[in-house]
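[1] fold the stuff below for me.
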Amino acid sequence: MHRGSQPIFWCVLIGDLHGISIHEMDQGIDTGRLVYQRVVGYDEKETFREIYIRTRLAIADGVGVAAEKIISQRIKYSTQSDCWMKAHHHKQRDALKLIDMLPRKWDTSVKDARAILAKELELYRVRILDECRSFTL
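    Predicted coordinates for the structure are as follows:
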């Protein structure tokens, strides 16, 4: 689970399931009831830019679907899991540091990025596992 700056980048780089969520607005940030969710698949041969563009198109489609459900009063809300609310919050500087290490920046394939950033990814995984150990679900 990736929140904060560049969640698409982190999700794809780490190899996690990637998707979009549209939720109602409430007093928090990204804390409202879910209106729509969809998985956005990717292939490691794709570049981050290609995945980002497809994700933005999926968001636009999802907003249309959600709006139609709300207007027609056929909406079925679901709540976000506690796990999501405890997801790691990424800082912009961390993503930008890694992106700067990629020879083609956003136009680097996922496969190449994972190879280039292997050492940094291992350090990241250790840090995240340490954080996760402190969570109680």
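
[2] which helix runs longest in this protein?
    Taking DSSP state H as the criterion, the chain has its longest helix at helix 48-71.

[3] all strands of the chain, in order?
    2-4, 19-23, 34-39, 88-90 (DSSP state E).

[4] for residue 73, find the nearest of those.
    strand 34-39 (12.8 Å; CB to CB). Yep, even glycine has a C-beta here, placed from its N, CA and C like the rest.

[5] quick one: contacts of the closest one?
    Applying CB atoms under 8 Å, 6 or more residues apart in numbering, the contact partners of strand 34-39 are 17-24, 58, 62, 65-66, 69-70, 75, 77-80.

[6] about what we covered before: now the longest helix of the chain: how far from the chain's centre is it?
    Distance, stretch centre to chain centre, for helix 48-71: 14 Å (CA atoms, centre = their mean, to the nearest Å).

[7] could you do stretch 103-115 as well?
    17 Å.

[8] hey, which helix or strand in this protein has the poorest pLDDT?
    helix 82-85 (a mean of 48; mean pLDDT, DSSP states H and E).

[9] number of residues surrounding residue 123?
    By other CB atoms under 10 Å, the residues close to residue 123 number 10.

[10] check residue 26 too.
    With neighbours defined by other CB under 10 Å, the count for residue 26 comes to 10.

[11] and it, how far from residue 33?
    8 Å (CB to CB, to the nearest Å).

[12] for residue 96, same thing?
    32 Å.

[13] what sits against residue 12?
    Neighbouring residues of residue 12 by CB under 8 Å, 6+ apart: 18, 42, 48, 51, 110.

[14] low-scoring stretches of the protein, by residue?
    1-4, 80-89, 125-137 (pLDDT under 70).

[15] my guess is residue 33 contacts residue 75, does it?
    No. Taking CB atoms under 8 Å as the definition, residue 33 is not a contact partner of residue 75, at 9.5 Å.

[16] count the residues that sit near the residue nearest to residue 7 when sequence neighbours are not counted.
    The shortest distance from residue 7 to any non-neighbouring residue, by CB to CB, 6 or more residues apart in numbering, is to residue 90 (6.9 Å). The local packing of residue 90 (other CB under 10 Å) involves 19 other residues.
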